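Asker: Just a sequence and a predicted model for now, questions to come.
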Amino acid sequence: MIETSGAAAPAPGPPEAADLLARKAVVRVTGADAADPAEFYRWLHREHGPVVPVLLDGGVPAWFVIGYRELHQVTANDGRFARDCRRWNAWHLVPDDWPLMPYVGWTPSLMFAEGDAHRRRAGAVGDALGAVDPPVLAGLCARECDGLVDAFAGDGAADLVEQYSHRAPLHVIARLFGLPGDEIPDLVRDVAESLDADERAARAHERIHARMRGLVGRRERRRAQDVPSVLLSHAAGLTPDEITIDLLVVLAAAQQPTGNWIANALRLILEDDRLSSSVQGGRLSVDQALQRVLWDDTPTQNFIGRWAVQGCDLGGQRIGAGDLLVLGLAAANRDPRARPAGGRREPATRAYLSFGHGEHGCPYPCPRLALMIARTAIEVLLDRLPGVALAVPPDELRWRPSFWMRGLRELPVVFDPAGVTPPG
(Lines give C-alpha, C1' and ligand atoms only; values in the text may rest on other atoms or scores of the structure.)
Protein backbone atom coordinates (compact mmCIF):
# COMPACT_ATOMS: atom_id res chain seq x y z
CA MET A 1 0.00 0.00 0.00
CA ILE A 2 2.86 2.42 0.79
CA GLU A 3 6.23 2.72 -0.90
CA THR A 4 8.74 2.86 1.93
CA SER A 5 12.14 3.01 0.25
CA GLY A 6 14.26 6.08 -0.29
CA ALA A 7 13.57 8.09 2.87
CA ALA A 8 13.20 7.49 6.58
CA ALA A 9 9.52 6.87 7.13
CA PRO A 10 7.79 8.53 10.10
CA ALA A 11 5.85 6.23 12.38
CA PRO A 12 2.16 6.03 11.46
CA GLY A 13 -0.41 7.28 13.94
CA PRO A 14 -2.52 4.82 15.96
CA PRO A 15 -5.18 3.14 13.78
CA GLU A 16 -7.78 3.44 16.54
CA ALA A 17 -7.65 7.23 16.04
CA ALA A 18 -8.74 6.76 12.43
CA ASP A 19 -11.53 4.44 13.52
CA LEU A 20 -12.72 7.10 15.97
CA LEU A 21 -12.67 9.76 13.27
CA ALA A 22 -14.73 7.52 10.98
CA ARG A 23 -17.41 7.28 13.67
CA LYS A 24 -17.43 11.07 14.09
CA ALA A 25 -17.94 11.79 10.38
CA VAL A 26 -21.06 13.85 9.68
CA VAL A 27 -21.00 14.00 5.87
CA ARG A 28 -19.65 12.06 2.91
CA VAL A 29 -17.94 14.22 0.25
CA THR A 30 -18.08 13.10 -3.38
CA GLY A 31 -17.99 14.45 -6.91
CA ALA A 32 -21.75 15.00 -6.67
CA ASP A 33 -21.02 18.03 -4.50
CA ALA A 34 -19.35 19.64 -7.54
CA ALA A 35 -22.78 20.44 -9.03
CA ASP A 36 -23.06 23.51 -6.76
CA PRO A 37 -19.91 23.71 -4.62
CA ALA A 38 -20.63 27.24 -3.39
CA GLU A 39 -23.93 26.20 -1.85
CA PHE A 40 -22.35 23.03 -0.39
CA TYR A 41 -19.59 25.05 1.27
CA ARG A 42 -22.07 27.58 2.65
CA TRP A 43 -24.07 24.72 4.17
CA LEU A 44 -20.96 23.19 5.73
CA HIS A 45 -19.93 26.51 7.28
CA ARG A 46 -23.43 27.12 8.61
CA GLU A 47 -24.08 23.64 9.99
CA HIS A 48 -20.67 22.25 10.94
CA GLY A 49 -18.14 25.02 11.50
CA PRO A 50 -14.54 25.44 10.31
CA VAL A 51 -13.27 21.85 10.73
CA VAL A 52 -15.61 19.04 9.65
CA PRO A 53 -15.18 15.26 10.09
CA VAL A 54 -15.98 13.70 6.71
CA LEU A 55 -15.81 10.46 4.77
CA LEU A 56 -13.98 10.45 1.44
CA ASP A 57 -14.47 7.90 -1.33
CA GLY A 58 -14.75 4.39 0.06
CA GLY A 59 -15.68 5.64 3.52
CA VAL A 60 -12.11 6.73 4.36
CA PRO A 61 -12.19 9.33 7.19
CA ALA A 62 -10.57 12.77 7.16
CA TRP A 63 -10.90 16.25 8.60
CA PHE A 64 -12.14 18.82 6.07
CA VAL A 65 -10.57 22.17 7.02
CA ILE A 66 -12.83 24.90 5.57
CA GLY A 67 -12.20 27.82 7.94
CA TYR A 68 -9.99 30.55 6.51
CA ARG A 69 -8.20 31.09 9.83
CA GLU A 70 -7.87 27.36 10.51
CA LEU A 71 -6.48 26.67 7.05
CA HIS A 72 -3.84 29.35 7.60
CA GLN A 73 -3.02 27.71 10.92
CA VAL A 74 -2.59 24.27 9.36
CA THR A 75 -0.52 25.37 6.37
CA ALA A 76 1.72 27.68 8.39
CA ASN A 77 2.68 25.02 10.95
CA ASP A 78 4.65 22.26 9.22
CA GLY A 79 5.91 20.95 12.54
CA ARG A 80 2.37 20.08 13.65
CA PHE A 81 0.68 19.38 10.30
CA ALA A 82 3.18 17.70 8.00
CA ARG A 83 3.26 16.39 4.42
CA ASP A 84 4.71 12.88 4.68
CA CYS A 85 1.70 10.61 4.17
CA ARG A 86 3.42 7.63 5.76
CA ARG A 87 2.38 8.88 9.21
CA TRP A 88 -1.30 8.37 8.25
CA ASN A 89 -3.21 6.33 10.80
CA ALA A 90 -5.87 5.08 8.34
CA TRP A 91 -3.88 2.91 5.95
CA HIS A 92 -5.74 -0.14 7.25
CA LEU A 93 -8.94 1.39 5.84
CA VAL A 94 -7.54 2.15 2.37
CA PRO A 95 -7.88 -0.48 -0.40
CA ASP A 96 -5.09 -0.86 -2.94
CA ASP A 97 -7.39 0.31 -5.75
CA TRP A 98 -8.60 3.41 -3.89
CA PRO A 99 -9.32 6.11 -6.52
CA LEU A 100 -7.52 8.76 -4.45
CA MET A 101 -4.32 6.74 -4.15
CA PRO A 102 -2.45 9.02 -6.61
CA TYR A 103 -2.90 11.84 -4.06
CA VAL A 104 -1.63 9.89 -1.05
CA GLY A 105 0.74 7.23 -2.40
CA TRP A 106 4.18 8.26 -1.15
CA THR A 107 6.86 9.10 -3.72
CA PRO A 108 10.38 10.47 -3.07
CA SER A 109 9.42 13.87 -4.52
CA LEU A 110 9.31 17.40 -3.17
CA MET A 111 5.56 16.89 -2.66
CA PHE A 112 6.12 14.68 0.38
CA ALA A 113 9.53 15.94 1.50
CA GLU A 114 9.70 17.85 4.78
CA GLY A 115 12.02 20.28 6.54
CA ASP A 116 15.47 20.82 5.07
CA ALA A 117 14.87 18.15 2.41
CA HIS A 118 11.83 20.01 1.14
CA ARG A 119 13.55 23.39 1.24
CA ARG A 120 16.46 21.95 -0.77
CA ARG A 121 14.19 20.51 -3.46
CA ALA A 122 11.64 23.35 -3.65
CA GLY A 123 14.39 25.97 -3.56
CA ALA A 124 16.15 24.42 -6.54
CA VAL A 125 12.92 24.18 -8.55
CA GLY A 126 12.06 27.79 -7.68
CA ASP A 127 15.52 28.97 -8.75
CA ALA A 128 15.30 27.07 -12.04
CA LEU A 129 11.90 28.51 -12.94
CA GLY A 130 12.88 31.95 -11.67
CA ALA A 131 15.91 31.97 -13.95
CA VAL A 132 13.62 32.40 -16.97
CA ASP A 133 13.70 36.04 -18.07
CA PRO A 134 10.12 37.48 -17.83
CA PRO A 135 10.14 39.10 -21.31
CA VAL A 136 11.41 35.83 -22.79
CA LEU A 137 8.68 33.94 -20.96
CA ALA A 138 6.01 36.38 -22.15
CA GLY A 139 7.13 35.94 -25.75
CA LEU A 140 7.15 32.16 -25.38
CA CYS A 141 3.61 32.17 -23.95
CA ALA A 142 2.34 34.36 -26.79
CA ARG A 143 3.93 32.18 -29.49
CA GLU A 144 2.54 28.97 -28.08
CA CYS A 145 -0.95 30.45 -27.67
CA ASP A 146 -0.86 31.89 -31.19
CA GLY A 147 0.05 28.46 -32.52
CA LEU A 148 -2.90 26.88 -30.75
CA VAL A 149 -5.30 29.51 -32.13
CA ASP A 150 -3.88 29.04 -35.63
CA ALA A 151 -4.79 25.34 -35.44
CA PHE A 152 -8.54 26.08 -35.29
CA ALA A 153 -8.75 29.65 -36.62
CA GLY A 154 -10.22 28.55 -39.95
CA ASP A 155 -12.92 26.36 -38.43
CA GLY A 156 -15.27 29.00 -37.03
CA ALA A 157 -15.76 26.89 -33.89
CA ALA A 158 -13.64 25.32 -31.16
CA ASP A 159 -13.75 23.63 -27.78
CA LEU A 160 -11.58 25.97 -25.75
CA VAL A 161 -10.99 23.35 -23.04
CA GLU A 162 -9.64 20.54 -25.20
CA GLN A 163 -8.11 22.65 -27.97
CA TYR A 164 -6.78 25.60 -26.02
CA SER A 165 -6.91 26.13 -22.26
CA HIS A 166 -5.56 22.72 -21.24
CA ARG A 167 -2.92 22.74 -23.95
CA ALA A 168 -1.48 26.21 -23.43
CA PRO A 169 0.22 25.60 -20.04
CA LEU A 170 1.45 22.20 -21.16
CA HIS A 171 3.06 23.66 -24.30
CA VAL A 172 4.77 26.43 -22.32
CA ILE A 173 6.09 24.09 -19.60
CA ALA A 174 7.32 21.61 -22.23
CA ARG A 175 9.29 24.41 -23.91
CA LEU A 176 10.74 25.56 -20.57
CA PHE A 177 11.81 21.96 -19.97
CA GLY A 178 13.55 21.92 -23.37
CA LEU A 179 11.34 19.18 -24.78
CA PRO A 180 11.68 18.95 -28.59
CA GLY A 181 8.68 20.31 -30.46
CA ASP A 182 7.95 17.00 -32.18
CA GLU A 183 7.49 15.33 -28.76
CA ILE A 184 4.91 17.82 -27.46
CA PRO A 185 1.86 16.29 -29.24
CA ASP A 186 2.61 12.90 -27.67
CA LEU A 187 3.03 14.58 -24.27
CA VAL A 188 -0.35 16.30 -24.70
CA ARG A 189 -1.96 12.95 -25.49
CA ASP A 190 -0.30 11.18 -22.57
CA VAL A 191 -1.24 13.89 -20.06
CA ALA A 192 -4.87 13.73 -21.22
CA GLU A 193 -4.92 9.94 -20.85
CA SER A 194 -3.23 10.10 -17.45
CA LEU A 195 -6.25 11.98 -16.09
CA ASP A 196 -8.65 9.15 -16.99
CA ALA A 197 -9.70 6.58 -14.41
CA ASP A 198 -8.91 3.49 -16.49
CA GLU A 199 -6.05 1.19 -17.42
CA ARG A 200 -4.69 3.70 -19.95
CA ALA A 201 -3.78 6.12 -17.15
CA ALA A 202 -1.03 3.92 -15.69
CA ARG A 203 0.57 3.38 -19.11
CA ALA A 204 0.37 7.12 -19.83
CA HIS A 205 2.08 7.89 -16.50
CA GLU A 206 4.86 5.46 -17.42
CA ARG A 207 5.38 7.13 -20.80
CA ILE A 208 5.49 10.61 -19.25
CA HIS A 209 8.02 9.43 -16.65
CA ALA A 210 10.16 7.81 -19.34
CA ARG A 211 10.04 10.99 -21.43
CA MET A 212 11.18 13.14 -18.48
CA ARG A 213 13.91 10.66 -17.55
CA GLY A 214 15.14 10.63 -21.15
CA LEU A 215 15.20 14.44 -21.19
CA VAL A 216 17.22 14.59 -17.96
CA GLY A 217 19.61 11.98 -19.36
CA ARG A 218 20.23 14.07 -22.46
CA ARG A 219 20.90 17.14 -20.31
CA GLU A 220 23.35 15.14 -18.17
CA ARG A 221 25.37 14.65 -21.33
CA ARG A 222 24.87 18.13 -22.75
CA ARG A 223 23.49 21.19 -20.99
CA ALA A 224 21.11 23.66 -22.63
CA GLN A 225 19.17 26.80 -21.70
CA ASP A 226 16.30 25.05 -19.93
CA VAL A 227 14.97 24.05 -16.53
CA PRO A 228 16.51 20.53 -16.33
CA SER A 229 19.97 21.96 -17.12
CA VAL A 230 19.67 24.56 -14.36
CA LEU A 231 18.59 21.87 -11.90
CA LEU A 232 21.51 19.60 -12.84
CA SER A 233 23.96 22.46 -12.21
CA HIS A 234 22.26 23.76 -9.06
CA ALA A 235 24.19 23.94 -5.80
CA ALA A 236 21.54 21.75 -4.14
CA GLY A 237 23.16 18.78 -5.85
CA LEU A 238 19.94 17.08 -6.94
CA THR A 239 20.31 13.61 -8.41
CA PRO A 240 18.91 12.82 -11.87
CA ASP A 241 16.17 10.72 -10.24
CA GLU A 242 15.21 13.61 -7.96
CA ILE A 243 15.09 16.00 -10.89
CA THR A 244 13.00 13.63 -12.98
CA ILE A 245 10.30 13.19 -10.35
CA ASP A 246 10.27 16.89 -9.44
CA LEU A 247 9.80 17.81 -13.12
CA LEU A 248 6.77 15.51 -13.10
CA VAL A 249 5.43 17.35 -10.04
CA VAL A 250 5.85 20.73 -11.77
CA LEU A 251 4.20 19.41 -14.93
CA ALA A 252 1.16 18.09 -13.05
CA ALA A 253 0.86 21.19 -10.86
CA ALA A 254 1.01 23.52 -13.87
CA GLN A 255 -1.15 21.78 -16.42
CA GLN A 256 -4.59 21.02 -15.03
CA PRO A 257 -4.95 23.83 -12.47
CA THR A 258 -3.73 26.49 -14.91
CA GLY A 259 -5.79 25.03 -17.75
CA ASN A 260 -8.93 25.15 -15.61
CA TRP A 261 -8.07 28.68 -14.46
CA ILE A 262 -7.94 29.83 -18.10
CA ALA A 263 -11.19 28.08 -19.05
CA ASN A 264 -13.06 29.24 -15.94
CA ALA A 265 -12.03 32.84 -16.60
CA LEU A 266 -13.01 32.61 -20.27
CA ARG A 267 -16.41 31.24 -19.24
CA LEU A 268 -16.85 34.14 -16.85
CA ILE A 269 -15.96 36.66 -19.55
CA LEU A 270 -17.95 35.08 -22.40
CA GLU A 271 -21.19 34.45 -20.51
CA ASP A 272 -21.43 38.00 -19.18
CA ASP A 273 -21.76 40.60 -21.95
CA ARG A 274 -21.02 43.48 -19.59
CA LEU A 275 -17.90 41.77 -18.23
CA SER A 276 -16.77 40.87 -21.75
CA SER A 277 -17.20 44.47 -22.85
CA SER A 278 -15.33 45.69 -19.78
CA VAL A 279 -12.39 43.35 -20.44
CA GLN A 280 -12.22 43.98 -24.18
CA GLY A 281 -12.78 47.70 -23.65
CA GLY A 282 -9.97 47.90 -21.10
CA ARG A 283 -12.18 48.93 -18.14
CA LEU A 284 -11.50 45.62 -16.38
CA SER A 285 -8.13 43.95 -16.80
CA VAL A 286 -7.72 40.27 -17.58
CA ASP A 287 -5.82 40.03 -14.30
CA GLN A 288 -8.89 41.26 -12.40
CA ALA A 289 -11.08 38.65 -14.10
CA LEU A 290 -8.53 35.97 -13.19
CA GLN A 291 -8.46 37.11 -9.55
CA ARG A 292 -12.25 36.95 -9.42
CA VAL A 293 -12.09 33.33 -10.57
CA LEU A 294 -9.60 32.49 -7.82
CA TRP A 295 -12.06 33.81 -5.23
CA ASP A 296 -15.24 32.31 -6.66
CA ASP A 297 -14.36 29.35 -8.93
CA THR A 298 -10.81 28.44 -7.98
CA PRO A 299 -9.45 25.53 -10.07
CA THR A 300 -8.01 23.57 -7.13
CA GLN A 301 -11.03 23.27 -4.86
CA ASN A 302 -9.63 20.87 -2.26
CA PHE A 303 -6.23 19.33 -1.63
CA ILE A 304 -4.88 16.26 0.15
CA GLY A 305 -3.41 17.33 2.42
CA ARG A 306 -1.61 17.33 5.73
CA TRP A 307 -1.18 14.69 8.42
CA ALA A 308 -1.21 15.57 12.11
CA VAL A 309 2.17 14.90 13.71
CA GLN A 310 0.58 14.68 17.16
CA GLY A 311 -2.81 15.14 18.78
CA CYS A 312 -3.98 18.75 18.93
CA ASP A 313 -7.04 21.01 18.93
CA LEU A 314 -8.18 22.81 15.79
CA GLY A 315 -11.38 24.75 15.17
CA GLY A 316 -13.13 23.23 18.16
CA GLN A 317 -12.22 19.65 17.15
CA ARG A 318 -9.74 17.19 18.67
CA ILE A 319 -7.36 16.02 15.94
CA GLY A 320 -5.69 12.65 16.46
CA ALA A 321 -2.04 11.85 15.73
CA GLY A 322 -1.80 10.67 12.12
CA ASP A 323 -5.22 12.04 11.10
CA LEU A 324 -5.55 13.25 7.51
CA LEU A 325 -6.56 16.88 6.96
CA VAL A 326 -8.03 17.84 3.59
CA LEU A 327 -7.38 21.50 2.76
CA GLY A 328 -10.66 23.12 1.72
CA LEU A 329 -9.17 25.94 -0.35
CA ALA A 330 -12.39 26.97 -2.12
CA ALA A 331 -14.49 26.65 1.03
CA ALA A 332 -12.01 28.76 3.02
CA ASN A 333 -12.27 31.45 0.33
CA ARG A 334 -16.01 31.49 1.12
CA ASP A 335 -15.64 31.53 4.91
CA PRO A 336 -18.24 34.08 6.10
CA ARG A 337 -15.80 35.16 8.81
CA ALA A 338 -13.26 36.18 6.14
CA ARG A 339 -15.53 37.71 3.50
CA PRO A 340 -17.52 40.92 3.81
CA ALA A 341 -21.32 41.02 4.00
CA GLY A 342 -22.77 39.84 0.71
CA GLY A 343 -19.91 37.42 0.10
CA ARG A 344 -18.09 39.50 -2.54
CA ARG A 345 -14.44 40.36 -2.79
CA GLU A 346 -12.94 43.05 -4.95
CA PRO A 347 -11.09 41.32 -7.82
CA ALA A 348 -7.84 43.04 -6.86
CA THR A 349 -7.88 41.57 -3.34
CA ARG A 350 -5.32 38.74 -3.28
CA ALA A 351 -5.86 37.19 0.14
CA TYR A 352 -7.40 34.03 -1.38
CA LEU A 353 -5.92 30.61 -0.63
CA SER A 354 -6.01 29.19 -4.17
CA PHE A 355 -2.21 28.70 -4.27
CA GLY A 356 -2.09 27.31 -0.75
CA HIS A 357 -0.03 28.90 1.99
CA GLY A 358 3.15 28.28 3.95
CA GLU A 359 6.19 26.21 3.10
CA HIS A 360 4.20 23.65 1.11
CA GLY A 361 2.13 26.19 -0.77
CA CYS A 362 2.80 26.74 -4.45
CA PRO A 363 6.44 27.95 -4.36
CA TYR A 364 7.65 31.19 -5.90
CA PRO A 365 7.72 31.87 -8.82
CA CYS A 366 5.09 29.29 -9.79
CA PRO A 367 2.05 31.55 -9.09
CA ARG A 368 3.65 34.29 -11.21
CA LEU A 369 4.34 31.80 -14.00
CA ALA A 370 0.76 30.48 -13.88
CA LEU A 371 -0.60 34.02 -13.99
CA MET A 372 1.53 34.92 -17.00
CA ILE A 373 0.39 31.82 -18.91
CA ALA A 374 -3.27 32.40 -18.02
CA ARG A 375 -3.21 36.13 -18.76
CA THR A 376 -1.46 35.63 -22.09
CA ALA A 377 -3.78 32.81 -23.12
CA ILE A 378 -6.87 34.95 -22.56
CA GLU A 379 -5.42 38.10 -24.12
CA VAL A 380 -4.23 36.24 -27.22
CA LEU A 381 -7.59 34.51 -27.69
CA LEU A 382 -9.65 37.70 -27.30
CA ASP A 383 -7.28 39.65 -29.56
CA ARG A 384 -7.23 36.98 -32.28
CA LEU A 385 -10.97 36.16 -32.18
CA PRO A 386 -12.67 39.52 -31.54
CA GLY A 387 -16.20 38.18 -32.10
CA VAL A 388 -15.84 34.93 -30.17
CA ALA A 389 -19.01 33.84 -28.35
CA LEU A 390 -20.36 30.84 -26.50
CA ALA A 391 -21.89 28.22 -28.81
CA VAL A 392 -24.43 27.13 -26.17
CA PRO A 393 -26.42 28.90 -23.45
CA PRO A 394 -24.36 29.31 -20.25
CA ASP A 395 -26.62 26.94 -18.29
CA GLU A 396 -25.75 24.13 -20.72
CA LEU A 397 -22.05 24.24 -19.86
CA ARG A 398 -21.11 21.11 -17.91
CA TRP A 399 -18.69 20.92 -14.99
CA ARG A 400 -16.56 17.86 -14.36
CA PRO A 401 -17.94 15.90 -11.38
CA SER A 402 -14.88 16.34 -9.17
CA PHE A 403 -14.63 17.26 -5.51
CA TRP A 404 -10.98 18.18 -6.05
CA MET A 405 -10.84 20.31 -9.21
CA ARG A 406 -13.29 22.88 -10.61
CA GLY A 407 -13.19 22.61 -14.38
CA LEU A 408 -15.49 22.48 -17.38
CA ARG A 409 -15.90 19.39 -19.53
CA GLU A 410 -15.88 21.61 -22.58
CA LEU A 411 -16.19 25.28 -23.53
CA PRO A 412 -17.67 25.40 -27.07
CA VAL A 413 -17.39 28.71 -28.90
CA VAL A 414 -18.11 30.09 -32.34
CA PHE A 415 -16.50 32.94 -34.27
CA ASP A 416 -16.20 34.30 -37.80
CA PRO A 417 -13.08 32.84 -39.47
CA ALA A 418 -12.91 35.89 -41.69
CA GLY A 419 -12.56 38.12 -38.63
CA VAL A 420 -9.59 36.26 -37.13
CA THR A 421 -6.64 38.60 -36.75
CA PRO A 422 -3.03 37.56 -37.44
CA PRO A 423 -0.62 36.90 -34.57
CA GLY A 424 0.51 40.06 -32.81
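Answerer: Ah, there it is.
Asker: now stretch 166-184: mean pLDDT?
Answerer: Mean pLDDT, taken over the full extent of stretch 166-184, equals 94.
Asker: I'd like the numbering to begin with 303 instead of 1 from here.
Answerer: All set: I'll call the first residue 303, so the last point we hit is now stretch 468-486.
Asker: which residue is nearest the middle of the protein?
Answerer: residue 559 (3.6 Å; Cα atoms, centre = their mean).
Asker: Tell me who's in contact with that one.
Answerer: If you count contacts by Cβ atoms under 8 Å, 6 or more residues apart in numbering, residue 559 has them with 601, 602, 672, 707. Placement of C-beta: from N, CA and C, glycine included.
Asker: residues of whichever helix in the chain runs longest that come out buried?
Answerer: Ranked by residue count, the top helix of the chain under DSSP state H comes out as helix 542-573. Neighbour-count burial for helix 542-573 flags 544-572 (criterion: 16 or more other Cβ atoms under 10 Å).
Asker: Spatially nearest residue to residue 567 (excluding sequence neighbours)?
Answerer: Distances taken as Cβ to Cβ, 6 or more residues apart in numbering place residue 595 nearest to residue 567, at 4.8 Å, with adjacent residues excluded.
Asker: burial measure for the one you found, as a count.
Answerer: For residue 595, the number of neighbouring residues by other Cβ atoms under 10 Å comes to 25.
Asker: Show me which positions of the helix or strand harbouring it end up buried.
Answerer: When secondary structure is defined by DSSP states H and E, residue 595 falls within helix 588-598. Within helix 588-598, the residues that qualify as buried are 588, 591, 592, 593, 594, 595, 596, 597, 598, counting by 16+ other Cβ under 10 Å.
Asker: and if you look at stretch 518-530?
Answerer: Neighbour-count burial for stretch 518-530 flags 518, 521, 528, 529, 530 (criterion: 16+ other Cβ under 10 Å).
Asker: from these, which is closest to residue 726?
Answerer: For the buried residues of stretch 518-530, the residue nearest residue 726 by Cβ to Cβ is residue 528; the value is 25.4 Å.
Asker: what sits against the closest residue to the closest one other than its chain neighbours?
Answerer: Spatial nearest neighbour of residue 528, excluding adjacent residues (Cβ to Cβ, 6+ apart): residue 480 at 3.1 Å. Contacts for residue 480 (Cβ under 8 Å, 6+ apart) come out as 517, 521, 526, 527, 528, 529, 530, 531.
Asker: Assumed residue 480 was part of a strand.
Answerer: No. Under the criterion used here (DSSP: H, G, I helix; E, B strand; the rest coil), residue 480 is coil, not part of a strand.
Asker: Distance check, it against residue 430.
Answerer: From residue 480 across to residue 430, the span is 11 Å (Cβ to Cβ, to the nearest Å).
Asker: which residues are in contact with both of these two?
Answerer: Common contact partners of residue 480 and residue 430 (Cβ under 8 Å, 6+ apart): residue 529.
Asker: Tell me, how many residues neighbour the closest residue to residue 638 other than its chain neighbours?
Answerer: Once flanking residues are discounted, residue 638 sits nearest to residue 347: 6.0 Å by Cβ to Cβ, 6+ apart. Residue crowding around residue 347 was assessed by other Cβ under 10 Å; the count is 20.
Asker: buried sites along whichever strand or helix holds residue 347?
Answerer: In the assignment (DSSP H and E), residue 347 maps to helix 339-350. By neighbour count, with 16+ other Cβ under 10 Å as the criterion, the buried positions of helix 339-350 are 339, 342, 343, 346, 347, 350.
Asker: Tell me where the stretch 303-452 of the chain has strands.
Answerer: Counting by DSSP state E, counting those that start in this stretch, residue ranges of the strands within the stretch 303-452 of the chain are 329-330, 353-357, 363-367, 383-384.
Asker: is it possible to export those strands to CSV including mean pLDDT?
Answerer: CSV is the format used below for the strands of the stretch 303-452 of the chain (pLDDT from 0 to 100):
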stretch, mean pLDDT
strand 329-330, 93
strand 353-357, 97
strand 363-367, 98
strand 383-384, 96
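Asker: Quick one, which of those strands gets closest to residue 419.
Answerer: Distances from residue 419 to each of the strands of the stretch 303-452 of the chain were compared using Cβ to Cβ; the shortest belongs to strand 383-384, at 11.8 Å.
Asker: thinking again about what came up before, for the contacts of residue 480, could you give me TSV that also reports secondary structure?
Answerer: Formatted as TSV, these follow (three-state DSSP):
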residue	secondary structure
517	helix
521	helix
526	coil
527	coil
528	coil
529	helix
530	helix
531	helix
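Asker: quick one: low-confidence parts of this structure?
Answerer: 303-309, 497-500, 576-580, 582-586, 642-656, 658-660, 662-663 (pLDDT under 70).
Asker: could you redo the last one with a cut-off of 80?
Answerer: Within the chain, the stretches with pLDDT under 80 are 303-310, 333-337, 497-503, 575-586, 641-666, 726.
Asker: returning to what we had before: who are the packing partners of the helix holding residue 595?
Answerer: helix 542-573, helix 575-582, helix 631-635, helix 668-686 (3 or more Cβ pairs under 8 Å, 6 or more residues apart in numbering; DSSP states H and E).
Asker: if we can go back for a sec, what about the residue nearest to residue 528? Give its phi and psi, please.
Answerer: Dihedral angles phi and psi of residue 480 (degrees, to the nearest 10) take the values phi 80, psi 20.
Asker: With residue 603 instead?
Answerer: Residue 603 has phi and psi values of phi -80, psi -50 when expressed as degrees, to the nearest 10.
Asker: Relative to residue 706, how far out is the closest residue to it other than its chain neighbours?
Answerer: In space, residue 603 comes closest to residue 632 once its chain neighbours are excluded; the distance is 4.2 Å by Cβ to Cβ, 6+ apart. Residue 632 sits 10 Å away from residue 706, taking Cβ to Cβ as the criterion.
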